[in-house]
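Participant: compute the structure for the input listed below.
(3 chains)
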Amino acid sequence: MTARNEPLSVPIIASVGAVVIVLLPYWKQILLAFAVAVAIVLAFTLKNFYLFQLTLALIYALAILGLNLLTGYNGQFSLGHSAFFAIGAYTAAILMEQGNVPYYWTLPVAGFVCLVSGYLFGLPALRLEGIYLALATFALALAMPQLLKFTPLEHWTGGVQGIVLLKPEAPFGLNISSDQWLWLFTVGVSVVMYVCAYQLIKSRTGRAMMAIRDNPIAAKSMGIDLSLYKSLTFGVSALYTGVAGALAAIVIAFVAPDSFTLVLAIGLFVGMVVGGAASIVGTLIGGLFVLYVPNVAEYFTKGLSGAMYGLILIGTIYLMPSGAAGLFRLTLHRLITRLASR
Amino acid sequence: MTAILLEAKRMDAYYGPVQVLYGIDIEVVSGGITTLLGANGAGKTTTLRSLTGMTDTKGEIRFDGHSIAGHATEDIVRLGIAHVPQGRGTFVRETVEENLQIGAMTRRGGAQITADVERVYGYFPRLKERRRQQAGTLSGGEQQMLAVGRGLMLRPKLMLLDEPSFGLAPLLVQELFGILRTLNRDEGVSMLIVEQNAALALDLADHAYLIETGKLVMSGPSRELRDNETIRRSYLGY
Amino acid sequence: MELFVNQVLAGLATGAIYACMALAVVMIYQAIDSLNFAQGEMAMFSTFIAWQLLQWGMPYWAAFFFTVGISFVAGVLIERVVFKPVQKADILSHIVIFIALFAIINSGAGYIWDFNIKPFPSPFGTRELFGQRLISSHDAGMIGISILMLILLYLFFAYTRVGLAMRAAAANPESARLAGIRVGWMLALGWGMAAAIGAVAGMLIAPRVFLEPNMMLSILLYGFAGAVVGGLTSPLGAVIGGVSVGVVENLAGTFIPYVGRELKLTIALALIVAVLTVKPTGLFGRTVETRV
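Facilitator: Numbering: from 1, shown residues only, chains lettered A, B, ... in the order given. Next up is the predicted model:
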């Protein structure tokens, strides 16, 4: 199928973005504008390959944001978010391959499918606490590649070989490469989703989510419907990671079962902790960590890359027990108290 | 001249970077009962926790001749201090009897320990009735008795009690404080009691301290504090 | 009918493996109130050590007990060196440390001993019992040793002072300190015991699945499933849970079309979720009542 140059995606994202951004406090709007400006500059200064990598880092960051909504803000552990990433990716891939759907329409569909599947998984998860839930999701992550290789479903999933897709071209006949366009596209989608997540956390719903995390019994006695919030959070969390997965399918132009193993689930979890649980901006650091650290580990110690990765992880936790965001807050706090005591 | 069993000099305490106690000077004489009074959040619990090494502290703390500032809780406890914490600290999954045995973990001599368990049951017959029950199913009052019993299993020289009357029915409180009086008189257990119920505490104790927002503001024999105008207005209600 | 019985027996054999692992899982849970995802890798590494000792000519049982001893010490060391500095961090950080341990141990084993599969001897021989090629003397030996470990663990926790101290330290560390218990060392002891049990599990499992660095991941998951199904607070539940998981896996593989080879892990997932939905504390777990 050819990637069509339909211009529809741009006005849609722009208008949704505008609505959502307008609701931000003044100085955050400025920060955001600055970030977007940086992104645009990068689009025209970095080589295609680096842009591709950066796009992936942003996609991982978005996936981690999804996980963070569930674990960091709502206290439900998940070691299985690779499953939702996979569902999103495969939904997009199948729609594009079998349904000739333009790539940008796959995002809302993938999001919706994941919202539903996340919610459905969230229902039995209501009965599971802490480590038990971590375990169940761990099993989910392990099971997903098996399900994707399942022979009766091969017609749809492409079995072990997966599905090969075509990389979309830039619209409006713009003279930029696929990688540049996809980077900007991903930035656009991410901006909208990040701002929505921010608004969600700041809202009453966000406070209810955090109340459930901190003291479920107290939350319940204040009239918060635990079951509803917890399973909905699961759904929304899956939606975010699923959209990230769909983006990944589009950008990489390939999906296969072995791209969505436990390694990815662990990577997302680790990325969340390193960036800082319950931090929206921290997810960006997490995304970079997921993308680059395994490579760094591989570069320095050929045969022992796993061991190097593990050592880096341990070092990171020792130095930043609350993640990068936690370290940032701590430093800021210390700075402010030092200035204040003058 | 009576021996000073426990004393803290210029003790500061911190929760992380935040300072919560400022220059606390407190002492408990051997064989005496001392009480620490104050409103909610004044720092009473923090003082007890600091004495048993559960917070970051600066300053001098001496028990029975040894310096214990900066030592680990489990080492301080082994010198003979039993700390009955706020919230009872019950081992909810373990049985009542196991809770008592845990209290004796630092002691040798199985026969002695069994004898002590029976002694605790002597003071608290209700616990004996429930000896094989999971401790988490006991009522607040029973868990408080269990916590005191667990402390007793240490054969302590000093007991620190954090709000022993909290959440207890008045009759139970009378019973408990009667037992504390007996323990002090018959077994020579010195005590430092933190209480919000000032009347009760001043009745039991020889000596009293008043703490407000992390600082000691008054100290003296309890009958003096009981007659003091400020204390009467703010803490005794008349 | 005959097929059913055969498959049950075969399931019991596999289940014995999972039961062994489940015991180690419950052990560490009793000690640290958390699950150690690196448990399987530690067991695998211990088995490699045993293999190395055997390569160097040590007789089997000498190597066996030596390995158990080394594993115990290693477990204690890992707790004191790796975990003590991050004791105060939250559970998310702990999980990441487990993950890091997993990566280090797995990678280390592959580096030292390479990824080719190696045969590992069994002390029980491989005679076929019941003449059906389904349960061998080794499988029976596995079940026997698991039950033996189970009994020893039960006696330890229920009747010894150290066992009670460990339970106290895991249940309420602050109160335990106030009773004079050295909580840090209790944790280390728990780790050591879990590592030792894991070593035994690994050495019993290796003859069946062949020794290689990635042998334990799915077994660990089944071990978790067994432990969870049995109730994480019950060693007996762990053994029964582990065996049940083996039997169910085998029956599902035989009697439900397409399953088995392809969807084994999915079965484990379904099992965990199903049991926990119905009985969140597992079949034998104790429901703890706490007053709020």
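
Participant: on the three-state scheme, the residue in the stretch 1-150 of chain C that chain A sits nearest to is what?
Facilitator: Per C-beta to the nearest C-beta, C:S107 is where the stretch 1-150 of chain C lies closest to chain A, at 2.9 Å. Quick note: C-beta positions are derived from backbone N, CA and C, even for glycine. When classified by DSSP: H, G, I helix; E, B strand; the rest coil, C:S107 comes out as helix.

Participant: got the contact list for it?
Facilitator: Going by C-beta atoms under 8 Å, 6 or more residues apart in numbering or on different chains, C:S107 touches A:G303, A:L304, A:S305, A:G306, A:A307, A:M308, A:Y309, A:G310.

Participant: what helix or strand is the first one on?
Facilitator: To tie it back to what came earlier, the one meant is A:G303. Using DSSP states H and E, A:G303 is not contained in any helix or strand.

Participant: dump the residue contacts of it.
Facilitator: By C-beta under 8 Å, 6+ apart, the residues touching A:G303 are C:S107, C:G110, C:Y111.

Participant: and the pLDDT at the residue of chain A found nearest chain B?
Facilitator: Residue of chain A nearest chain B, by C-beta to the nearest C-beta: A:T337 (7.5 Å). For A:T337, the pLDDT comes out at 80.

Participant: what's the local residue count around it?
Facilitator: 10 (other C-beta atoms under 10 Å in any protein chain shown).

Participant: with A:M209 instead?
Facilitator: 27.

Participant: which residues does the residue nearest to it when sequence neighbours are not counted contact?
Facilitator: Leaving aside its chain neighbours, A:M209 sits nearest to A:N74 (4.6 Å; criterion: C-beta to C-beta, 6 or more residues apart in numbering or on different chains). A:N74 makes contact with A:M209, A:M210, A:I212, A:R213, A:Y229, A:K230, A:T233, A:S237, according to C-beta under 8 Å, 6+ apart.

Participant: the contacts of C:S107, buried ones only, as a ChimeraX selection?
Facilitator: Buried residues within the contacts of C:S107, by 16 or more other C-beta atoms under 10 Å in any protein chain shown, are selected in ChimeraX with:
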select /A:304,305,306,307,308,309,310
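
Participant: and the contacts of C:S107 as CSV, adding secondary structure?
Facilitator: Converted to CSV, the contacts of C:S107 look like this (three-state DSSP):
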residue, secondary structure
A:G303, coil
A:L304, coil
A:S305, helix
A:G306, helix
A:A307, helix
A:M308, helix
A:Y309, helix
A:G310, helix
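
Participant: quick one: is stretch A:58-67 near chain C?
Facilitator: No: figure legend: stretch A:58-67 not in contact with chain C (C-beta under 8 Å from any C-beta of the partner chain); closest approach 11.0 Å.

Participant: so which strand or helix has C:R167?
Facilitator: helix C:161-171.

Participant: who touches that helix?
Facilitator: B:91-94, B:98, B:101-102, B:105, C:30-33, C:156-157, C:175-176, C:179, C:181, C:183, C:186-187, C:189-190.

Participant: mind running it again at 7 Å?
Facilitator: Residues from elsewhere that reach helix C:161-171 (C-beta atoms under 7 Å, 6 or more residues apart in numbering or on different chains): B:91, B:93-94, B:98, B:101-102, B:105, C:30-33, C:156-157, C:176, C:179, C:181, C:183, C:186-187, C:189-190.

Participant: near chain A, which residues of the stretch 101-250 of chain C are found?
Facilitator: Within the stretch 101-250 of chain C, the positions near chain A by C-beta under 7 Å from any C-beta of the partner chain are C:L101, C:A103, C:I104, C:N106, C:S107, C:G108, C:Y111, C:L221, C:F224, C:V228.

Participant: what's the closest non-adjacent residue to the third one?
Facilitator: What it means is C:I104. Distances taken as C-beta to C-beta, 6+ apart put A:G310 closest to C:I104, at 3.6 Å, once the chain neighbours are dropped.

Participant: swap in B:Y235?
Facilitator: Nearest non-adjacent residue to B:Y235, counting by C-beta to C-beta, 6+ apart: B:A198, 4.0 Å away.

Participant: ok so, going back, so which of the contacts of A:N74 sit within strands?
Facilitator: Among the contacts of A:N74, no member falls in strands (DSSP state E).

Participant: and the next helix or strand past the biggest helix by length in chain C?
Facilitator: Secondary structure of chain C per DSSP state H: the longest helix is helix C:2-32. Remark: after helix C:2-32, the chain's next helix or strand is helix C:39-55, criterion DSSP H and E.

Participant: other SSEs contacting that next one?
Facilitator: Applying 3 or more C-beta pairs under 7 Å, 6 or more residues apart in numbering or on different chains; DSSP states H and E, we find helix C:39-55 packed against helix C:2-32, helix C:60-78, helix C:91-113, helix C:183-209, helix C:217-230.

Participant: okay, buried residues for that helix please.
Facilitator: C:39-51, C:53-54.

Participant: got the angle between that helix and helix C:91-113?
Facilitator: Counting by axes from the mean of the first three to the mean of the last three C-alpha atoms, to 10 degrees, helix C:39-55 lies at 20 degrees to helix C:91-113.

Participant: ok, residue 179 - how many residues close by?
Facilitator: Using chain A. 22.

Participant: can you look at chain C instead?
Facilitator: When neighbours are counted by other C-beta under 10 Å, C:A179 comes out with 30.

Participant: ok, the closest residue to chain C within the stretch 51-200 of chain A - contacts?
Facilitator: As assessed by C-beta to the nearest C-beta, chain C sits closest to A:A139 within the stretch 51-200 of chain A, at 3.8 Å. Contacts for A:A139 were tallied using C-beta under 7 Å, 6+ apart; they are C:L221, C:L265, C:A268, C:L269, C:I272.

Participant: part of a strand, is B:I61?
Facilitator: Yes: under three-state DSSP, B:I61 falls within a strand.

Participant: B:H71 versus that one, what's the distance?
Facilitator: 9 Å (C-beta to C-beta, to the nearest Å).

Participant: so what does the longest helix of chain C touch, helix or strand wise?
Facilitator: Taking 3+ C-beta pairs under 7 Å, 6+ apart as the contact cut, helix C:2-32 packs with helix C:39-55, strand C:135-136, helix C:137-159, helix C:161-171, helix C:183-209, helix C:217-230, helix C:235-255.

Participant: which of the helices and strands in chain C ranks last by mean pLDDT?
Facilitator: strand C:128-129 (a mean of 61; mean pLDDT, DSSP states H and E).

Participant: ok, and the closest non-adjacent residue to C:D139?
Facilitator: C:A13 (3.9 Å).

Participant: in chain C, where is pLDDT below threshold?
Facilitator: Flagging of chain C using pLDDT under 70 yields the residue ranges C:125-135, C:257-262, C:268, C:280, C:282, C:285-292.

Participant: also chain B?
Facilitator: For chain B, residues meeting the criterion pLDDT under 70 lie at B:1, B:237-238.

Participant: all helices for it, in order.
Facilitator: Using DSSP H, helices in chain B cover B:44-51, B:73-78, B:96-103, B:110-123, B:125-129, B:140-152, B:170-187, B:198-204, B:222-227, B:229-231.

Participant: with mean neighbour count as added columns, please give those in JSON lines.
Facilitator: Supplementary listing: the helices of chain B in JSON lines, determined by neighbours: other C-beta atoms under 10 Å in any protein chain shown:
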{"stretch": "helix B:44-51", "mean neighbour count": "24"}
{"stretch": "helix B:73-78", "mean neighbour count": "20"}
{"stretch": "helix B:96-103", "mean neighbour count": "25"}
{"stretch": "helix B:110-123", "mean neighbour count": "15"}
{"stretch": "helix B:125-129", "mean neighbour count": "15"}
{"stretch": "helix B:140-152", "mean neighbour count": "24"}
{"stretch": "helix B:170-187", "mean neighbour count": "15"}
{"stretch": "helix B:198-204", "mean neighbour count": "19"}
{"stretch": "helix B:222-227", "mean neighbour count": "17"}
{"stretch": "helix B:229-231", "mean neighbour count": "13"}
